[in-house]
Structures are given as C-alpha cells and as structure tokens.
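Student: Sequence unavailable; structure follows:
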C-alpha cells in the first residue's frame, strides 16, 4: 500500500483531473502559474499516465470494467475517425480522445493493488466539504450585503472570481444568488456535490461519526442553493432510500399499513413543497424570474433544443460539430451526443451507460453502500439534463463507482477505519 504522502499525491492528481471538465479551477490554476491551459492539460494527463505505469504492481479490474474499457476503446477509434473529418478545423476530436483515454487510466489507477482507495474517498469527501463551505461563505457575503470578499475579473467573463469561487451576474438578481463555486454553471457544481454527499452520509450510516453530520449539513445547504435539477433528483433518491429500500432487501415497502401511509404522505409533502418552491421562484417575483430559472419553460425549451439537435442527423448520421455554435444553451447530454458524433456516438455511449447502470442497480438491493449507488442515479438524472458523455467528471464517477463495487465484491472497506480509544 502506498504511504501517506504518495497516496495523497495520487488522490490530488486524480481529483484535479476529474474536475478538469466541467470545473474551471484546474485550467485557471495552470494559467495563474504561467503554464497556460493547454500545457497544463498535457502535464496533467502525463502525470496520470506516470502514476498508472511508473510502478509495476497488480491491477485487478472486474469483468464489468473490462467491458467498459472495451467500449472506451471503440469510442476512441470512432473519435479518431471523426478527427480526420474535422482535421484543420476548430472542431477537432483530439480533446475528447484524451479525455476517454483518461477515463481508462482512472480505472487502472483506482484498481492498482497499492493504491490507497480509502484515502481517495476521504479526500473526495473533504474537498466536497471545502467547496461547499466556500460557496456558502460567498452566498452569505452577498445575501447579507457584508461585501468583505474582494472580487476580480476572471478568465470567464461575465463571471468574477474570488477565493470562494466564481460569481456570475447571470445567476444573481438583487441579493439572491445561485452558488456555483469554481464550476462553469450552478448545475454542474450541484452534480459534483452529489457524490461527496452520498459518500459521507454512507460513512455516517456505517460509523456514526458526529462530525459527518456537519459535513452532510454544509453540503446539503450548498446543494440546495444551486437551485438545480440535481436538488430534485437527489431528494427523490433520498425518499426512495428511506421509504422503500433502506431496511429491506427487496424494492417493496416494509412495515405496517399505517407506517407506510405516514412515510408516503411525508414524502409527497416534501416533493410538493419543493415543486411549489421552484414554481414560486418562477412566478412570484416582480421581475421575470426570481432566481432566473424559469423551471417550467426550461423543460419545454430543452426538448425544443434536443429536437433541433436530432434534426442534424437527417443530414448526416455522423452529426455536425459546427452546429454546436448555434446553441446558446446545452441541448441535454443526448442532444450533445447527436451533434458531436451522431448516431454511432450516441449508440456507443448508451450501451456503455446501460451496462454501467445495470451493474449499479443490481447492487442496490443487497449492498451496504446502496445510498452511494442510489446517488449515482440522482447524478445521472441531473447529468442527462446538462452534461457530455466524454467529460472528465462523468468518466471519473464511473471509475469510482465500479471500483467501489469491486471492493465490495472482495469484502474490502472503502472508508478509513475509525480508531477509537477504549
């Protein structure tokens, strides 16, 4: 097993590259130290390659992971074919090829026999807590008009930056602010927060550490303040966990009729309250949208954008990357797939996704980590609304979750053991 310092170095390296897309932090750090984003990305990938192959030790990947690596390889071949189609233009697939290769490296590193996976999980939880806490500080500073945090221009106008993250005027109206931390958009920050939340809450359920409640509370509040669809998907998953499968190995309700009825009413009440709150933010303000979300209109608009993206395949089954510039907003992960790679691209990605989530759903019934696996479903709902199949964090969470399954199949713990004084 790696020593403490080597394992921290590997964990930091992996998390930084996982946050490369869609987080802005890695590129901006490279620019800040004078390397530039392109050189920084090259060094980051080279570093992961070195971590993967520098030491000769055993890699134990599961059969599911082997299938996923095969699909990664097929996708790489297809993207290389598209590279020739777009050679000499600004629509090169080279960046996507490098990210898919990185997805394979994530799997290999996490399943190295000497890699300290438990330390990575701990570090992932802690960094999620830090980002969430900084976003709350920025929110309170703006909301309470304290204005102690100095902002400066960023590399991503109109957003401005500070030590607490980015703040965009697009997501602020009056004193009300959607937190986005160092991410390109509040929805992407919300997607990131789902995993630290699910990991730390599972740790609490297993080890009952009181300080985990503090971490959970901070992350939940920060997640809520993103006002993202990830809030709703996470709520649905939490309700599913507590009211359906928490104490049962089946997916049916347990307990008495009265108990089931009370749980169902509480769940419906929470769901209706959240829905009404989001509708209030759409309609109750003197301006068009209190939080700038227009939730109901956004659903219709997203379908319209996907329909247009789908129409691209009527001209060519291989998509048309130049069409992407016509979109001011994301046409969903499926619309992006149709534009950037057409029908072959989306077929490969959907086969990949079905195999991956089938393995997740299969584990939910009997696993002690079922809350983590359910969290991946919450993530996928939000990711489907706003994401890309070849972005780093999506590929990282696949490596993370399949490795957790691998650990569980080998009866290995994913959390650092709690030392108690007797």
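Tutor: Thanks, I have it. For clarity, every value in this text was computed on a predicted model and none was experimentally measured.

Student: Give the closest residue to residue 198 in space, chain neighbours not counted.
Tutor: Nearest residue to residue 198, sequence neighbours excluded (Cβ to Cβ, 6 or more residues apart in numbering): residue 375, at 3.1 Å. Where C-beta positions appear, they are placed from N, C-alpha and C, glycine not excepted.

Student: er, residue 345 actually
Tutor: Nearest residue to residue 345 in three dimensions, chain neighbours excluded: residue 337, at 5.3 Å (Cβ to Cβ, 6+ apart).

Student: What helix or strand is that neighbour located in?
Tutor: helix 332-364 (DSSP states H and E).

Student: Run through the neighbouring helices and strands of the very next helix or strand once past that helix.
Tutor: Using DSSP H and E, the helix or strand that follows helix 332-364 in sequence is helix 370-385. Judged by 3 or more Cβ pairs under 8 Å, 6 or more residues apart in numbering; DSSP states H and E, the packing partners of helix 370-385 are helix 186-207, helix 229-240, helix 332-364, helix 392-409.

Student: lowest-confidence stretch among those?
Tutor: Sorting the helices and strands packed on helix 370-385 by mean pLDDT places helix 229-240 lowest, at a mean of 84.

Student: Can you mark which positions in that helix are buried?
Tutor: The neighbour-count check on helix 229-240 (16 or more other Cβ atoms under 10 Å) flags 229-240 as buried.

Student: go on, stretch 358-378?
Tutor: Judged by neighbour count using 16+ other Cβ under 10 Å, the buried positions of stretch 358-378 are 359-360, 363-364, 367, 369-378.

Student: Stretch 382-394 now?
Tutor: Under the neighbour-count criterion of 16+ other Cβ under 10 Å, stretch 382-394 has 382-383, 385-394 buried.

Student: Kindly report the same for stretch 157-176.
Tutor: Those would be 159, 161-162, 164-168, 171, 173, 176, for stretch 157-176 by 16+ other Cβ under 10 Å.

Student: Which single one of those residues is nearest to residue 14?
Tutor: For the buried residues of stretch 157-176, the residue nearest residue 14 by Cβ to Cβ is residue 165; the value is 21.1 Å.

Student: show me the contacts for that closest one.
Tutor: By Cβ atoms under 8 Å, 6 or more residues apart in numbering, the residues touching residue 165 are 131, 134-135, 138, 179-183.

Student: Please render these as CSV that adds distance to residue 85, pLDDT and secondary structure to the earlier fields.
Tutor: Shown next, in CSV, are the contacts of residue 165 (distance: Cβ to Cβ, whole Å; pLDDT from 0 to 100; DSSP: H, G, I helix; E, B strand; the rest coil):
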residue, distance to residue 85, pLDDT, secondary structure
131, 38, 97, helix
134, 42, 96, helix
135, 41, 95, helix
138, 43, 92, helix
179, 40, 93, coil
180, 35, 93, coil
181, 36, 95, coil
182, 34, 94, coil
183, 31, 94, strand
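
Student: contacting residues around the closest residue to residue 343 other than its chain neighbours?
Tutor: The spatially closest residue to residue 343, leaving aside those adjacent along the chain, is residue 317, at 4.5 Å (Cβ to Cβ, 6+ apart). Applying Cβ under 8 Å, 6+ apart, we find residue 317 in contact with 342-344.

Student: most surrounded residue in those residues?
Tutor: Of all the contacts of residue 317, residue 342 has the most neighbours under the rule other Cβ atoms under 10 Å, reaching 21 neighbours.
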